[in-house]
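# Quick one: sequence and predicted model below, then my questions.
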Amino acid sequence: MVSSDPVVVVEALKRRYGDRAESLKGWEELLSKLFDQKGNPIPTLTRSIQVEDVRLSWLTEEMVYIGIGVYPGEVDYLLIPKNPTEFFQRKFAELGHEEPRLLSSLVELEEELLESTENPVMRMKGYVVSSTLLPRDVIHDVVSHPNFRKQEKEWREMGLSYNSLNDSPLPLDTSYFDDLLELKKVEVDGILIKGDSYLSLKWLLNVGESDVKLTYIDPPFNKERERDFSYSVKYTNHIWLTMLENRISLAKRLLREDGVFFVRCDHDGNMLVRMLMDRVFGEDKFRNEIDIKRNQSLPKTSLRRLTEETENLLVYGMDEFKFKRMFVPRNPSWVDLGTRPSEGERGKPIRINGVEFYPPEKRRWAYSEDKVRELHSKGLVREVRGKLKILLDKRAVGTNWTDIPGYSTNPRWGLKTENSEVLLKRVIESSSDLGQKVMDFFLGSGTTVAVAHKMGRKWIGVELGDHFSSVVMRRMKMVLAGEKGGISKEQGWKGGGAFKYVHVSWNYPKE
């Protein structure tokens with residue numbers, strides 16, 4: 001039977017319940033069998049990771065995972081039973097104890113915790129607005145504001161030069177100009193949320209947010225290899241699956257009827273994520289598994305395993321979702337004009353300059369006569385020895401995306417596994433149109449929302465880490481200022497726009 005140090009558990013429960021932990025005095029030994037040393041309930045022993053009839057089941061699937069902060073060394077989190085009464089009744093039976101008073105107290109405390117996750121609160125709100133969106137009278141109010149020097153100082157620290165707000169798309173942060181209400185009336189392109197992703201998604205649902213066309217996530221992997229920033233998640237598969245299931249289930253509710261969900265994973269998590277997504281979305285919603293390129297690494301010295309060169313994007317689409325057709329360049333070559341099977345007799349001929357060209361027996365041309373004539377007039381179709389040839393200089397994009405970098409080759413924002421802007425451009429281009437909404441609730445360094453903004457999409461980004469201000473906020477301010485990295489040149493990006501930022505947390509103890 002799993003048991004924890006009673007002294008450590010008591011201290012952990014004080015952090016979990018606050019002053020309410022006093023009601024648990026006298027049951028320290030039993031509590032050490034019910035809770036681990038972090039103060040989280042120990043799952044019942046009747047569950048494990050298993051696959052039964054292609055259904056994924058795991059130890060902590062009955063729980064809600066809440067990230068409560070990033071501390072030196074690891075992410076701190078709470079696990080809360082989704083049904084406290086049923087969970088603790090089963091635990092007491094498993095331990096062979098009957099303690100009605102303790103059971104009642106634990107159920108009451110856990111239900112309060114659970115309720116607090118249902119109604120997260122917004123602790124802070126601000127706006128970042130490009131100066132190019134503001135009329136001259138508001139610009140005058142900004143420049144003459146007593147805090148303008150503080151804003152100038154931030155620009156200098158970001159490497160931005162200030163000549164005139166009328167000419168340069170400089171980012172104005174309302175934290176310096178809280179009394180200038182005109183800055184808060186600008187239509188925003190996106191929202192950055194600092195907070196746990198489960199609570200943030202709950203908050204978005206509670207405030208009526210919806211209409212997400214595309215969700216892309218690159219969650220922390222379930223095996224510790226790459227350490228990003230100053231912390232390591234050290235997830236077991238059970239905790240990792242619980243964290244993902246909680247959040248993906250909520251995010252699904254924000255999707256449009258023609259929405260789509262991309263999840264990035266590697267060989268360690270691919271099978272588990274595929275089965276989890278099947279469970280949340282349904283197997284019929286699976287669309288594709290896309291191969292993407294890992295950063296090139298040194299070859300393995302051992303031949304026990306080959307070098308991992310790819311990762312995957314798992315794509316799940318709602319009923320009305322359809323990909324956008326995309327093409328990429330290929331080495332030009334002249335090939336026979338395409339044909340398709342024909343029911344019965346040979347298909348009709350195509351006439352060009354009075355000459356008829358028939359398809360092979362029991363085949364029909366893949367192109368209409370009008371289309372072939374159009375291509376012929378452009379020099380893209382020609383006759384060679386009595387056959388029609390077509391010039392192929394591009395190919396349709398399929399599920400092999402290893403022609404572009406999956407990670408940034410020169411990470412600029414402090415994350416070793418920083419997603420490539422080129423990759424996110426293809427994801428967004430394949431699945432959304434101008435003005436549609438893109439979301440990422442494991443935002444990392446902010447690549448998804450940076451690319452979405454440059455491509456004219458609306459966006460939502462969520463990040464818990466302490467780098468929210470130093471990396472994510474800074475990066476998006478640089479985007480508004482017209483930064484030149486990533487896809488900026490290709491998109492002709494010059495800067496501009498506005499976004500809102502909020503801090504979301506749970507309301508516990510109740511206010």
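Ah, there it is. Residues are numbered from 1 along each chain as shown.

# Centroid-nearest residue for the chain?
Geometric centre of the chain, nearest residue: Ile217, 2.4 Å, by C-alpha atoms, centre = their mean.

# who touches the residue nearest to it when sequence neighbours are not counted in this structure?
Excluding its sequence neighbours, the residue lying closest to Ile217 (C-beta to C-beta, 6 or more residues apart in numbering) is Phe442, at 4.8 Å. Where C-beta positions appear, they are placed from N, C-alpha and C, glycine not excepted. Contacts of Phe442 were listed using C-beta atoms under 8 Å, 6 or more residues apart in numbering, and they are Ser197, Ile217, Asp218, Pro219, Pro220, Val462, Glu463.

# Closest one to Ser32 out of these, please.
For the contacts of Phe442, the minimum distance to Ser32 (C-beta to C-beta) is 29.5 Å, reached by Pro220.

# quick revisit: in strands, which of the contacts of Phe442 appear?
Ile217, Val462, Glu463 (DSSP state E).

# For the helix or strand containing Thr215, which strands pair with it and how are they oriented?
Using DSSP states H and E, Thr215 falls within strand 212-217. If you go by DSSP bridges, strand 212-217 pairs up with strand 255-265 (parallel), strand 437-440 (parallel).

# C-alpha coordinates for the next helix or strand after the longest one, PDB please?
Spelled out, it's strand 255-265. Per DSSP H and E, the first helix or strand lying C-terminal to strand 255-265 is helix 270-281. Taking C-alpha atoms only, helix 270-281 is exported to PDB below (Å, rounded to 0.1, in the frame of the first residue of the first chain):
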ATOM      1  CA  ASN A 270       2.300   9.500 -30.500                       C
ATOM      2  CA  MET A 271       0.400   6.400 -29.700                       C
ATOM      3  CA  LEU A 272      -1.100   7.800 -26.500                       C
ATOM      4  CA  VAL A 273      -2.100  11.200 -28.000                       C
ATOM      5  CA  ARG A 274      -3.700   9.400 -31.000                       C
ATOM      6  CA  MET A 275      -5.800   7.300 -28.700                       C
ATOM      7  CA  LEU A 276      -6.600  10.200 -26.500                       C
ATOM      8  CA  MET A 277      -7.700  12.400 -29.400                       C
ATOM      9  CA  ASP A 278      -9.800   9.500 -30.700                       C
ATOM     10  CA  ARG A 279     -11.500   9.300 -27.300                       C
ATOM     11  CA  VAL A 280     -12.200  13.100 -27.100                       C
ATOM     12  CA  PHE A 281     -13.100  13.800 -30.700                       C
END
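
# quick one: contacts of helix 270-281?
With C-beta under 8 Å, 6+ apart as the test, helix 270-281 has contacts from 51, 54-56, 222, 237, 240-241, 244-245, 248-249, 252, 261, 263, 265, 285-286, 289, 312, 314, 316.

# What lies in contact with the helix or strand just after that helix?
Sequence order places strand 286-293 as the next helix or strand after helix 270-281, per DSSP H and E. Applying C-beta under 8 Å, 6+ apart, the external contacts of strand 286-293 come out as 260, 264, 274, 277-278, 309-317, 321, 323, 399-407, 423.

# what about strand 286-293, average pLDDT?
Averaged over strand 286-293, pLDDT sits at 97.

# How about stretch 174-191?
Stretch 174-191 carries an average pLDDT of 96.

# The helix or strand where Lys371 lies - contacts with which helices or strands?
Element membership for Lys371 (DSSP H and E) is helix 369-377. Packed against helix 369-377 by the contact rule (3 or more C-beta pairs under 8 Å, 6 or more residues apart in numbering; DSSP states H and E) you find strand 350-352, strand 381-384.

# Mind listing what's buried along that helix?
Val372, Arg373, Leu375, His376 (16 or more other C-beta atoms under 10 Å).

# For Arg256, state which of those is nearest.
For the buried residues of helix 369-377, the minimum distance to Arg256 (C-beta to C-beta) is 36.2 Å, reached by Leu375.

# so who does that closest one touch?
Leu375 makes contacts with Tyr367, Val381, Ile390, as judged by C-beta under 8 Å, 6+ apart.

# what's the answer for Gly496, then?
Counted by C-beta under 8 Å, 6+ apart, Gly496 has contacts Ser130, Thr132, Leu133, Pro169, Leu480, Gly482.

# where does this structure have low pLDDT?
Within the chain, the segments meeting pLDDT under 70 span 1-3, 45-55, 69-75, 166, 222-235, 296-302, 509-511.
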